[in-house]
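1. Sequence plus predicted model, see below.
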Amino acid sequence: MPISLYNSLTRRTEAFAPLDPARVTMYLCGPTVYNYVHIGNARGPVVFDVLARLLRRHYPHVVYARNITDVDDKINAAALGQGVAIGTITERFTAAYREDMAALGIAPPDIEPHATAHISEIITMIEALIGNGHAYAAEGHVLFDVSAYADYGKLSGRDTEDMIAGARVEVAPYKKNPADFVLWKPSTPELPGWDSPWGRGRPGWHIECSAMSAAHLGETIDIHAGGVDLQFPHHENEIAQSTCAHGGKVFARWWMHNGMLTFGGAKMSKSVGNVLLVHELLKLHPPEALRLLLLRGHYRQPLDWSEGAIAQAISTLDGWYRVLRDLADVELPAGALPVPARLEAALCDDLNTPQALAELAVLADAARQAGTAETKAALLGGGALLGLLQQDAEAWFKRGGAQAIDAAHIDALLEERRNARAARDFKRADAIRDELAAMNIVIEDGAQGTRWSVLKS
RNA sequence: GGCCUGGUGGCAGAGUGGUCAUGCAGCGGCCUGCAAAGCCGCGUACGCCGGUUCGAUUCCGACCUAGGCCUCCA
């Protein structure tokens, strides 16, 4: 089944064909590790995790890189503010990031390059840019010369004239052109820095992705992904640097941009302050419901966070896990789980996860009604491609058990209720049910007895 | 101001030039001691105004409106 992906560069959906089918390359701009990430930051990683899963089904070797930016002025500010070493901050939040991503069911990338481990590659790239006239040194800085790259602005659909006219930034005096951006900047003694031909300093923001992408994936990669808010200037600058440093070679063949998560009618953003940290949300809601929520909208559209949305996601998963719990004793066929064609087709159509989820719902209905090994396997196989439904169904319904739930006590109450019902003392039986409800436990009487679930996250 | 996306039933959210999205919630029925779950059924959605067409939610134009980028940002 061919994969079609929307390419931000051409503004069209195009049939995907890797440069080398034996080695498909993909790069996602990762976090700057100075704080916990918010749920909006997790959208790209979740969406492109699904893409990676899809690509791995189609190609034998996919190399997926997601970087860690561990040198940045915000990190410096955080370290200074807390009176600790920079490394203390970056190590702590790198670990936190990995934990958050894992909790959301995101498979680790194949490569997780760190900016500080690629300083020599960065310096080499900057030297190349100076050498071929695309960059210049000025007052300890090195800047990319936008006027020396004709295609600048192609990705974001703007031309240099407009940018200069609309520039709201103070233009540094050492810039030849207001749109020129920093490749290297000088560090004062208390700031992290590395020796370079231009003095002790540190890299600008954009160059690291270009250097790491080339170092691990090659000069031309298949897919470069990130949030739409990175399209300009970050990705535009990456294209300029990489293309000019590599003698005009295409940098990334597909550019993919995920839409923003909104909250309260506006983009969730640290500067606006309307953020919900993944680290905190994981304490409040089932992680899988967070993942489902992020996949419920098409990745290029904005998606709104709300309590209602998370409640819906939980209810949906309740329904699907109910099917799997009923089929707990049904043995799966031997071998790998099948991947349902219609669900895969939805994903192959520019990662249409809402359509894929609709197909998953159809598979859940089929499994509930037929109850066969095949239909169960199809449901699980479809879920696997989306990174859903992989936990034990019983665990889903009894989640959060650690805090307040005393299973033995619940079982004792259920036994008492069973006896009351046998004696047709329904008043007592209903009182016990109410007591359980007060504990946030719902019960269902079935042919094989009574079972219970936690009502809400 | 420039560039770019959207506006679909109570909510979320795909999609299509002319029969069904799907999920959540709601309503009626069956089942149940009563519930829950399940099953059956129900609700004449496509921002507004023009145009093209035998026919438009779907194509074209204007308008209204929401959001994103232009500055750190996923």
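-> Arrived safely, thanks for sending. Numbering: from 1, shown residues only, chains lettered A, B, ... in the order given.
2. Ramachandran angles for A:Ser269?
-> When read as degrees, to the nearest 10, the backbone of A:Ser269 gives phi -160, psi 140.
3. Enumerate every residue touching it.
-> A:Gly40, A:Val275 (C-beta atoms under 8 Å, 6 or more residues apart in numbering). C-beta here means a position set from N, CA and C on the backbone, and glycine is covered the same way.
4. how about a cut-off of 7 Å?
-> A:Val275 (C-beta atoms under 7 Å, 6 or more residues apart in numbering).
5. closest point of chain A to RNA strand B, which residue?
-> A:Gly227 (1.6 Å; C-beta to the nearest atom of the strand).
6. residue contacts, that residue?
-> A:Gly44, A:His257, A:Asn258, A:Met260 are the contacts of A:Gly227 under C-beta under 7 Å, 6+ apart.
7. Then A:Gly133?
-> A:Ala148.
8. run the last query once more with 8 Å
-> Neighbouring residues of A:Gly133 by C-beta under 8 Å, 6+ apart: A:Asp145, A:Ala148.
9. And it, how far from A:Arg200?
-> Distance, A:Gly133 to A:Arg200, using C-beta to C-beta, to the nearest Å: 25 Å.
10. for A:Asp304, same thing?
-> 46 Å.
11. before we move on, the earlier item: kindly identify which of the contacts of A:Gly227 also come near RNA strand B.
-> For RNA strand B, the contacts drawn from the contacts of A:Gly227 by C-beta under 7 Å from any atom of the strand are A:Gly44, A:Asn258, A:Met260.
12. From those residues, which land in strands?
-> Using DSSP state E, A:Asn258 are the members of the ones next to RNA strand B among the contacts of A:Gly227 that sit in strands.
13. Restrict the contacts of A:Gly227 to the buried ones and give me that as a ChimeraX selection.
-> Buried residues among these (16 or more other C-beta atoms under 10 Å), as a ChimeraX selection:
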select /A:44,257,258,260
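14. packing partners for the longest helix along chain A?
-> Taking DSSP state H as the assignment, the helix of chain A that covers the most residues is helix A:307-326. With contacts taken as 3 or more C-beta pairs under 8 Å, 6 or more residues apart in numbering; DSSP states H and E, helix A:307-326 sits against helix A:287-295, helix A:353-370, helix A:373-386, helix A:393-397.
15. Can you give me the neighbour number for A:Val339?
-> 17 (other C-beta atoms under 10 Å).
16. Grab the nearest non-local neighbour of it.
-> A:Gly381 (5.2 Å; C-beta to C-beta, 6 or more residues apart in numbering).
17. In this structure the one you found contacts A:Pro333, no?
-> No: checked against C-beta atoms under 8 Å, the pair A:Gly381 and A:Pro333 is beyond contact range at 10.4 Å.
18. With neighbour numbers in mind, choose between those two.
-> A direct count of neighbours by other C-beta under 10 Å for A:Gly381 and A:Pro333 places A:Gly381 higher, at 19 against 12.
19. now the helix or strand following the longest helix of chain A and helix A:353-370, what's the angle there?
-> With elements assigned by DSSP states H and E, the helix or strand that comes after helix A:307-326 is helix A:341-348. If you take axes from the mean of the first three to the mean of the last three C-alpha atoms, to 10 degrees, helix A:341-348 sits at 170 degrees to helix A:353-370.
20. in helix A:341-348, what's buried?
-> Buried, per 16+ other C-beta under 10 Å, within helix A:341-348: A:Leu343, A:Glu344, A:Ala346, A:Leu347, A:Cys348.
21. Next: stretch A:386-393.
-> Using 16+ other C-beta under 10 Å as the test for burial, stretch A:386-393 gives A:Leu386, A:Gly387, A:Leu388, A:Leu389, A:Gln391, A:Ala393.
22. next one: stretch A:240-254 to chain centre, how far?
-> 25 Å (C-alpha atoms, centre = their mean, to the nearest Å).
23. isn't A:Gly204 right up against A:Lys185?
-> Yes: with contact defined as C-beta under 8 Å, A:Gly204 reaches A:Lys185; the gap is 6.1 Å.
24. Tell me which residues are up against stretch A:357-370.
-> Residues outside stretch A:357-370 that contact it (C-beta under 8 Å, 6+ apart): A:292, A:295-296, A:316, A:319-320, A:323-324, A:326-327, A:340, A:342-343, A:346, A:375-376, A:378-379, A:382-383, A:386, A:388-389.
25. residue ranges with poor pLDDT in the stretch 301-450 of chain A?
-> A:400-404 (pLDDT under 70).
26. Around RNA strand B, pick out the residues from it.
-> Contact residues, the stretch 301-450 of chain A versus RNA strand B (C-beta under 7 Å from any atom of the strand): A:301-304, A:308-309, A:311-312, A:315-316, A:319, A:322, A:349, A:352, A:354-355, A:357-358, A:361-362, A:365, A:368-369, A:421, A:426, A:429-430, A:433, A:442-446.
27. Among these, name the buried ones.
-> A:303-304, A:309, A:316, A:322, A:349, A:352, A:355, A:357, A:362, A:368, A:421, A:429, A:433, A:442-443.
28. hang on, the earlier thing: OK, contacts around the residue nearest to A:Val339?
-> Per C-beta under 8 Å, 6+ apart, neighbours of A:Gly381: A:Leu337, A:Pro338, A:Val339, A:Pro340.
29. Make a PyMOL selection of the buried ones in the residues you listed.
-> Applying 16+ other C-beta under 10 Å to the contacts of A:Gly381, the buried members can be selected in PyMOL as follows:
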select buried, chain A and resi 337+339+340
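30. How many neighbouring residues does A:His298 have?
-> Going by other C-beta under 10 Å, the residues that sit close to A:His298 add up to 18.
31. Could you find the closest non-adjacent residue to A:Arg57?
-> Nearest one to A:Arg57, counting by C-beta to C-beta, 6+ apart, is A:Val339 at 6.7 Å.
32. ok, back up a step: now do the longest helix of chain A: distance to the chain's middle.
-> On C-alpha atoms, centre = their mean, the centre of helix A:307-326 falls 21 Å from the chain's centre.
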